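> give me coordinates for this.
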Amino acid sequence: MDIGLLVKLSLGLVVTALGAWLIAVLLGLSANSVEAVIVLRTLLTLPVVLLMTRVLVRRAYDSPRLLRTIVAAALVSYALWLPAWGGHGLIGQLLVDHSGAAYVVDLIIWVGAVLVAARSVEARPSRRHLQPYQAA
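Alright, predicted model coming up:
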């Protein structure tokens, strides 16, 4: 498992997603509608999660354990993301009433988005497969 990628992806997702979530909440306050705020924060947070995952995975070296590292980073980042703690992260709050179930729905959406973004980009070839003159 690539600990460096795990830390970078986890912290990158937490910070950028929290920023997008806060901007969405502030923009949605003028709507005076809870449903509008929930949809807006989901629509602003998920593209940030997708983009950050694509950027960081593109810089990573390909290895057999890359997918395992990405899944671990998705789980860690969701666990560290403050809005998720109360079940108010993404659209799960709108789909189910119970905050525990909303947490699970949001977790599935979060991990799914990270995996889709990671699988849609190619990581750099492993250093072991490079010629000596290409390694520098």
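> going by C-alpha atoms from here, please, whenever you check contacts or count neighbours.
OK.
> so Leu94 touches Ile38, yeah?
Yes: here Leu94 lies in contact with Ile38, judged by C-alpha atoms under 8 Å, at a distance of 7.0 Å.
> show me which of the two is the more surrounded one.
Taking Leu94 and Ile38 together and counting by other C-alpha atoms under 10 Å, Ile38 has the greater number of neighbours (21 against 15).
> which stretches of the protein have low pLDDT?
Flagging of the chain using pLDDT under 70 yields the residue ranges 61, 123-136.
> just give me the residue right at the centre of the chain.
Averaging the C-alpha coordinates of the chain gives a centre point, and the residue nearest to it by C-alpha atoms, centre = their mean is Val49 (4.0 Å).
> how about the contacts made by it?
When contacts are counted by C-alpha atoms under 8 Å, 6 or more residues apart in numbering, Val49 touches 13, 16-17, 113-114.
> in whichever strand or helix holds it, what's buried?
Secondary-structure element containing Val49, defined by DSSP states H and E: helix 34-58. For helix 34-58, the buried set under the neighbour-count rule, 16 or more other C-alpha atoms under 10 Å, comprises 36-46, 48-50, 52-54, 56-58.
> next: stretch 66-84.
In stretch 66-84, the ones that count as buried by 16+ other C-alpha under 10 Å are 66, 69-78, 80-81, 83-84.
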